[in-house]
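Novice: this is the structure alone, sequence omitted:
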């Protein structure tokens, strides 16, 4: 148990649905991240929040909308997704963005878009 | 743009033996960190070992050690006395240590390691 939890663990949604992924960290960290892990591709950094402020948006389509209401919670709101968005979505947190601090990962949400 | 390449999609090793996973990277930065992460079949990614580019001494963590060749931009992971619990995907990652991209991990595609009894 690394102190980072994600819900739900599995999600199947249609292309017209709206759903949200939730990440919670119990480590007192100030930085949180969303990654996308697709088969046969490297993990891709999607969003970075530092002290609840978005500091990175890696050219992610607008159908993915992050929200960080406080330093412990991170959401990824999904709408009108495409089948190619099916992937494992990983959340991570760290003390801050300094690389000397380890990023702790959650177990991920396996998303299937039908 | 920085890139990380892991040229071995899959590897296997007998229990108790030693295995080395390869990683090369490309960057024009001089100040950066390199990491090896492990993702067991249960999916939770955990940090195995990290190396700061300015440190010449290779990092070690128990049975895990790295061979960091800065000029060659190579960062291999050696696992000694392999155990069944080492079976996992292993990812090499890079991040600059300053600037706006500080802390943004860039990952390789991973190497699937199987430890056989």
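Specialist: Structure received. All values derive from a computational prediction rather than experimental measurement.
Novice: neighbours around residue 103, how many?
Specialist: Just going to use chain A. 27 (other C-beta atoms under 10 Å in any protein chain shown). C-betas here are computed from N, CA, C, even on glycine.
Novice: sorry, I should have been clearer: chain B.
Specialist: Residue B:103: 24 neighbours (other C-beta under 10 Å).
Novice: what's the separation between the closest residue to it other than its chain neighbours and residue A:27?
Specialist: The shortest distance from residue B:103 to any non-neighbouring residue, by C-beta to C-beta, 6 or more residues apart in numbering or on different chains, is to residue A:97 (3.4 Å). Using C-beta to C-beta, to the nearest Å, residue A:97 is found at 15 Å from residue A:27.
Novice: neighbour count winner among those two?
Specialist: residue A:97 (22 against 13).
Novice: and stretch B:41-56, which residues are buried?
Specialist: Burial within stretch B:41-56, assessed by neighbour count using 16 or more other C-beta atoms under 10 Å in any protein chain shown, is assigned to B:43, B:44, B:45, B:47, B:48, B:49, B:50, B:51, B:53.
Novice: and if you look at stretch B:64-75?
Specialist: Residues of stretch B:64-75 classed as buried by neighbour count (16+ other C-beta under 10 Å): B:64, B:65, B:66, B:68, B:73, B:75.
Novice: partner residues bridging the second one?
Specialist: Right, residue B:65. Judged by DSSP bridges, the bridge partners of residue B:65 are residue B:60, residue B:78.
Novice: distance check, it against chain A.
Specialist: Separation of residue B:65 from chain A (C-beta to the nearest C-beta, to the nearest Å): 18 Å.
Novice: isn't that residue right up against residue B:57?
Specialist: No. If you go by C-beta atoms under 8 Å, residue B:65 and residue B:57 don't touch, sitting 10.7 Å apart.
Novice: hmm, who's touching the lowest-mean-pLDDT helix or strand in chain A?
Specialist: In chain A, no helix or strand scores lower on mean pLDDT, DSSP states H and E than strand A:53-57, which sits at a mean of 81. The list of residues contacting strand A:53-57 from outside it, by C-beta atoms under 8 Å, 6 or more residues apart in numbering or on different chains, reads A:45, A:46, A:47, A:48, A:49, A:66, A:68, A:97, B:100, B:101, B:104.
Novice: min pLDDT across the residues you listed, which one?
Specialist: Checking pLDDT across these, the minimum falls on residue B:100 at 78.
Novice: from the contacts of strand A:53-57, which two are the most distant?
Specialist: Farthest-apart pair in the contacts of strand A:53-57 is A:68 and B:101; separation 19.1 Å (C-beta to C-beta).
Novice: rewinding a little: narrow the contacts of strand A:53-57 to just the buried residues.
Specialist: By 16+ other C-beta under 10 Å, the contacts of strand A:53-57 give A:45, A:46, A:47, A:48, A:49, A:66, A:68, A:97, B:101, B:104 as buried.
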